[in-house]
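Asker: when you get a sec, could you give me coordinates for this:
(2 chains)
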There are 2 protein chains.
Amino acid sequence: MMNEEELRKIIRRIVKEEMEPGIPVAVSNHHVHLTEADYKTLFPHEEIAPRKWLTQPKEYAAKQVVTIVGPTGNEIPHVRVMGPCRKHSQVEIARSDARQLGITVPTRLSGELEGTPSIKVKTDDGEITVQGVIAAKRHIHMSDKDAERFGVKYGETVEVAIETDGRRTIYDDVIARPNPNFVLEMHIDVDEANAACVGPDTIGHIVPKDKRV
Amino acid sequence: MMNEEELRKIIRRIVKEEMEPGIPVAVSNHHVHLTEADYKTLFPHEEIAPRKWLTQPKEYAAKQVVTIVGPTGNEIPHVRVMGPCRKHSQVEIARSDARQLGITVPTRLSGELEGTPSIKVKTDDGEITVQGVIAAKRHIHMSDKDAERFGVKYGETVEVAIETDGRRTIYDDVIARPNPNFVLEMHIDVDEANAACVGPDTIGHIVPKDKRV
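Answerer: The predicted structure follows:
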């Protein structure tokens, strides 16, 4: 069934995977970051508490969840709160969520909230409006050593090839985010994971500059 | 704000778009194809009727819609029936739909249904089980002349670069499907559209073989 071209393609991929350091791909579901004040409005009776520690140090998915409410009343329940609290509240959703909520959402890096839309966030105990709804721009957390190894600088755009069976995808517009404390991990949202058929053990490879399309 | 590298990148893209024939990108929402017999079970009182003609000749989205029911009772309502009727019934959903229904779904070309899962499809008047649930493998409908122009053969895999603002994506594993009657159009599903931020006027470009990663 397999011709030489297909065989060569598979061998090339395996060789590349063995020779280049792979990047674990992590999938972010919709979630919210809250300020201390917004947290207290939504959860007046309980402290924020870690449910699951993430790969990046000191970051966690909290036990607490909220409901996001779109302008026409469409709701997404059980949206996870991330901890610890931040300086600005922010709602990160996929484009598929945005459609369900009846809003349009810009693609932004975390924290780049200028001009982003607002949305209602509620719990049984409180309600706030968060100005800062974004679809996360795909990015790679990495240590400074990783950045040196890959030859990339903070904020640089790279292409990442994701090798999956039947839905191989090269994501461009991926932002490199080196930091002394970061652990190597590419972050994409659920739409991007579905489009590339990403599973729990999927890895990506930065496309060398001379091979970029 | 813009440095030379960014400017060069933009100019290269524009030059490429002007020089190469672009491929319109069409987004397929979940839908079903039905046999005459299955159609009659679901709609005993009405003939199938076109609601909107598609780009490919004689193909249409029908007025009729069905509900898909997952194994645990999770439903997706208002799933469009496509016409005319076919030799085999088939349910095409996105991976995000599969998660909502509580099933896993293989990535397949239309009609390649061996070993694919089954699902319940119902209307107010009837109910059937369709063996043939797939996530559509991305593909390009094209005329024989287009195929000659692109230098591709039937069934060949190509990479297609989709130029969008902030989510530029190169989809590999795209199958070329030349046919004398086809009109040039790339088909992707809603997950793939969301991941690449595809809009109504988005076009793709086949990546030349010597530039493939």
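
Asker: which stretches of chain A have low pLDDT?
Answerer: By pLDDT under 70, the low-scoring segments of chain A are A:1, A:13, A:16-21.

Asker: let's see 90
Answerer: Within chain A, the ranges that satisfy pLDDT under 90 run A:1-21, A:165, A:200-201, A:208-213.

Asker: now do the helices in chain A.
Answerer: For chain A, applying DSSP state H gives helices covering A:4-19, A:36-42, A:95-101, A:144-150, A:190-196.

Asker: give the buried residues for the second one.
Answerer: It stands for helix A:36-42. For helix A:36-42, burial by neighbour count (16 or more other CB atoms under 10 Å in any protein chain shown) applies to A:38-42. (C-beta placed from N, C-alpha, C; glycine too.)

Asker: picking that back up, could you look over the helices of chain A and pick the most buried one?
Answerer: Neighbour counts (mean count of other CB atoms under 10 Å in any protein chain shown) averaged over each of the helices of chain A peak at helix A:190-196, with a mean of 27.

Asker: how about the residues of chain A that lie near chain B?
Answerer: Contacts of chain A with chain B, taken as CB under 8 Å from any CB of the partner chain, map to A:94-96, A:106-107, A:137-138, A:159, A:161, A:165-173, A:190-192, A:194-197, A:207, A:211, A:213.

Asker: got the contact list for stretch A:105-121?
Answerer: The contact list for stretch A:105-121 (CB atoms under 8 Å, 6 or more residues apart in numbering or on different chains) reads A:32-33, A:38, A:42, A:66-70, A:79, A:88-93, A:95, A:98, A:101, A:103-104, A:127-137, A:139, A:175, B:165-167, B:197.

Asker: show me which of those residues are buried.
Answerer: Buried by 16+ other CB under 10 Å: A:32-33, A:38, A:42, A:66-70, A:79, A:89-93, A:95, A:98, A:101, A:103, A:128, A:130, A:132-137, A:139, A:175, B:167, B:197, out of the contacts of stretch A:105-121.

Asker: quick one, domains of chain A?
Answerer: Following automatic domain parsing, one finds the domains of chain A at A:21-26+A:138-211, A:29-136.

Asker: can I get the ones you listed in a markdown table with distance to B:Tyr154?
Answerer: Formatted as a markdown table, the domains of chain A follow (distance: least, CB to CB, whole Å):
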| stretch | distance to B:Tyr154 |
| --- | --- |
| domain A:21-26+A:138-211 | 18 |
| domain A:29-136 | 33 |
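
Asker: surely A:Phe43 meets A:Val65?
Answerer: No: using CB atoms under 8 Å as the test, A:Phe43 is too far from A:Val65 to be in contact (10.2 Å).

Asker: now A:Pro178: how far from chain B?
Answerer: Note on A:Pro178: its distance to chain B, by CB to the nearest CB, to the nearest Å, is 18 Å.

Asker: same question for A:Glu112.
Answerer: For A:Glu112, the distance to chain B equals 11 Å [CB to the nearest CB].

Asker: next one: A:Asp38
Answerer: With distances taken as CB to the nearest CB, A:Asp38 is found 27 Å from chain B.

Asker: how about the contacts made by that residue?
Answerer: A:89, A:121, A:128, A:130.

Asker: OK, contacts around the third one?
Answerer: Looking back up the chat, that one is A:Ile128. Taking CB under 8 Å, 6+ apart as the test, what A:Ile128 contacts is A:38, A:41-42, A:89, A:120-122.

Asker: any chance of these in TSV, plus distance to B:Ile23?
Answerer: Converted to TSV, the contacts of A:Ile128 look like this (distance: CB to CB, whole Å):
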residue	distance to B:Ile23
A:Asp38	45
A:Thr41	49
A:Leu42	47
A:Ser89	41
A:Lys120	40
A:Val121	40
A:Lys122	44
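
Asker: nearest to B:Leu54 among those?
Answerer: The shortest approach to B:Leu54 among the contacts of A:Ile128 belongs to A:Lys120, at 38.0 Å (CB to CB).

Asker: what sits opposite that closest one in the beta ladder?
Answerer: Legend: beta-bridge partners of A:Lys120 under DSSP bridges are A:Val69, A:Thr129.

Asker: measure how buried it is and give me the count.
Answerer: Applying other CB atoms under 10 Å in any protein chain shown, we find 18 residues neighbouring A:Lys120.
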